[in-house]
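Trainee: Give me coordinates for this.
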Amino acid sequence: MGGNEKTITRTFHIKNMVCNCCIILLKEKFGQAGIRVNNIQLGTITVTYSPALITDKFIDNLLGKYGFELIKDRELQLIEQIKIAVIELIHYLNNVDSIVRKSDYLVEKLGLSYSYLSRIYSSHEPITLERYIILQKMERIKELIDQNEYTLSEIAFMMDYSSVQYLSNQFHKEIGVSVTDYKKSSFVLKKPIDKLY
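Mentor: Purely as a prediction, here's the structure:
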């Protein structure tokens, strides 16, 4: 950007931005397009650019090229924040030493009651928030099993299950194979965490 061009700073809410790879990719692509990235985190990006050179349509197209899209509706922005909070908790924050109830984490992170978050989620998505959490947990459990670093008891604890039996039953119901069969299988049953339904 030249010295005397008028610039604006805006924050965009972005759909499908669910991992650190997304952050790295978008930071690089926005930079290459001459758009300065001021702040970027899962689901949002704050940028400075010249509106004479960069249009909303250009930004839309840039995001679309890599599987992302702008979210303009306030409720849809909240849905994306809910998804990101669930993904952060289940895929990035859980470890053997810390356990947080999913509902408590969402309430604290988003500052809204769980019943409101659940209601708003169900009104815009084809599944309930509880179901979404279960689907994310299943993907994380597969990942933890594949890593072969933890016992099933540790995985059950990390994923907030009261027992290995409860985890095993839900895994079989959701995935269609037992945990034991999954461990033995050589075929991949994993799904991208932004495309679970």
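Trainee: can you tell me which helix or strand I141 belongs to?
Mentor: helix 129-147 (DSSP states H and E).
Trainee: quick one, domains of this structure?
Mentor: Domain segmentation of the chain under automatic domain parsing yields 8-70, 74-184.
Trainee: Kindly tell me how buried P51 is, as a neighbour count.
Mentor: Using other Cβ atoms under 10 Å, P51 has 12 other residues around it. Backbone N, C-alpha and C define where each C-beta goes, glycine included.
Trainee: Residues contacting stretch 25-38, please?
Mentor: The contact list for stretch 25-38 (Cβ atoms under 8 Å, 6 or more residues apart in numbering) reads 1, 9, 14, 17, 40, 45-50, 53-54, 58-59, 62-63, 66, 68.
Trainee: Narrow those residues to those in helices?
Mentor: In helices, defined here by DSSP state H, the members of the contacts of stretch 25-38 are F58, I59, L62, L63.
Trainee: can I get these in CSV with neighbour count, pLDDT and distance to G31?
Mentor: Below are those laid out as CSV (neighbours: other Cβ atoms under 10 Å; pLDDT from 0 to 100; distance: Cβ to Cβ, whole Å):
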residue, neighbour count, pLDDT, distance to G31
F58, 13, 95, 14
I59, 20, 95, 13
L62, 17, 95, 11
L63, 21, 95, 14
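Trainee: I'd guessed Q77 sits against I71; true?
Mentor: Yes - at 5.0 Å, Q77 counts as touching I71 under the criterion of Cβ atoms under 8 Å.
Trainee: Toward the C-terminus, what is the element adjacent to the biggest strand by length in the chain?
Mentor: When the chain is parsed with DSSP state E, its longest strand is strand 8-15. Using DSSP H and E, the helix or strand that directly follows strand 8-15 along the chain is helix 20-32.
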